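**Q** This is a predicted model, with the sequence first.
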Amino acid sequence: MTDLLPPTTPARPVAGRFWGLVPCAGTGTRAVRRGGQDGPPVPPKQYHTVAGHPMVLHTLAAFAGVARLAGTLVAVAAGDTFFDGHPHPAFFAVPCGGPTRADTVLGGLKALQSRGAQDEDWALVHDAARCLVTAQQIDALIDACQHDSVGGLLAHKLADTLKVASDGPGGVRVAATVDRSDKWLAQTPQMFRIGALRHALERVGATATDEASAMEAMGLRPRLVPGGAQNFKVTYPEDFALAEAVLAQRMHGATLERFGGERGAAASDPVKTFFSSKA
């Protein structure tokens with residue numbers, strides 16, 4: 001089948017600054033098993049301790065290691081005071097989160113522009129719960145996309161056999177096997193010009209599951225930049241143990257360098273920090 005999308009236009013020679021944007025307004029209900037009505041309150045998953053620090057700080061430590069970033073905006077929900085207790089010059093928190101990821105990213109883009117970011121600047125949007133990303137991967141994305149006419153995203157080529165399912169009286173069964181040779185798992189960061197991404201999100205709305213899909217809806221073709229299997233999103237309870245194991249293997253040096261603490265030692269309890277600030 002022929003390609004229905006127009007070919008990529010030549011790269012634009014327009015320079016722009018690079019900004020990190022970390023949506024951090026979600027509740028993470030799939031990652032945390034909540035107790036009954038009388039059970040203790042559970043904070044959003046990005047604030048749970050992983051390898052001695054709140055998960056989001058591992059994420060931000062990687063961004064703090066990228067010298068080319070003009071700054072990193074953390075888009076939090078209204079009333080979220082977590083970062084009041086975790087200040088750092090490498091990032092700043094803004095209460096611009098919305099009910100969906102797309103709303104939160106759009107709010108973050110507007111906040112960046114209110115602080116002087118230009119349409120031609122780049123936003124690197126990254127999931128707070130992808131706490132295993134490295135500064136090297138972020139730099140590799142910038143290197144690959146800074147002269148691209150569209151932008152792009154980190155992604156991981158699908159290694160497993162992919163099945164299509166059907167659900168009937170006999171349960172969920174395989175309906176077909178899909179060719180995986182051209183299939184990729186989308187990751188983050190996803191890097192696009194601020195003006196173009198804002199326009200795309202305003203047009204597409206909350207149906208955009210990531211920034212690349214909003215750009216695709218505008219007829220554009222983002223570049224795929226190889227990421228890695230470890231750059232997964234902590235989504236389910238068992239993912240925490242895997243993330244902890246990877247960080248322990250790395251000795252989570254980047255996080256300790258930025259935020260202190262001891263290797264293998266728990267930091268101050270983020271649950272108490274989060275909820276005592278709301279009392």
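**A** It's in.
**Q** longest strand of the chain?
**A** Ranked by number of residues, the top strand in the chain under DSSP state E is strand 184-193.
**Q** In that one, which residues are buried?
**A** Leu185, Ala186, Gln187, Thr188, Pro189, Gln190, Met191, Phe192, Arg193 (16 or more other Cβ atoms under 10 Å). For glycine as for every other residue, the C-beta is placed from the backbone atoms N, C-alpha and C.
**Q** The fifth one contacts Leu153, correct?
**A** Right, the one you point to is Pro189. Yes - Pro189 is in contact with Leu153 according to Cβ atoms under 8 Å; the separation is 7.1 Å.
**Q** which residues are common contacts for the two?
**A** Residues touching both Pro189 and Leu153 (Cβ atoms under 8 Å, 6 or more residues apart in numbering) are Leu141.
**Q** which residue packs closest to the most centrally placed residue in the chain, ignoring adjacent ones?
**A** Closest residue to the average C-alpha location of the chain: Asp127 at 1.5 Å, with Cα atoms, centre = their mean. Nearest non-adjacent residue to Asp127, counting by Cβ to Cβ, 6 or more residues apart in numbering: Thr188, 4.9 Å away.
**Q** Surely that neighbour touches Ala128?
**A** No - Thr188 lies out of contact with Ala128 (Cβ under 8 Å); the separation is 9.7 Å.
**Q** Tally up the residues packed near the nearest residue to Gly20 once chain neighbours are set aside, please.
**A** What sits nearest to Gly20 in space, not counting adjacent residues and going by Cβ to Cβ, 6+ apart, is Thr72, at 3.2 Å. The number of residues packed near Thr72 is 23, by other Cβ atoms under 10 Å.
**Q** Many thanks, I have nothing further to ask.
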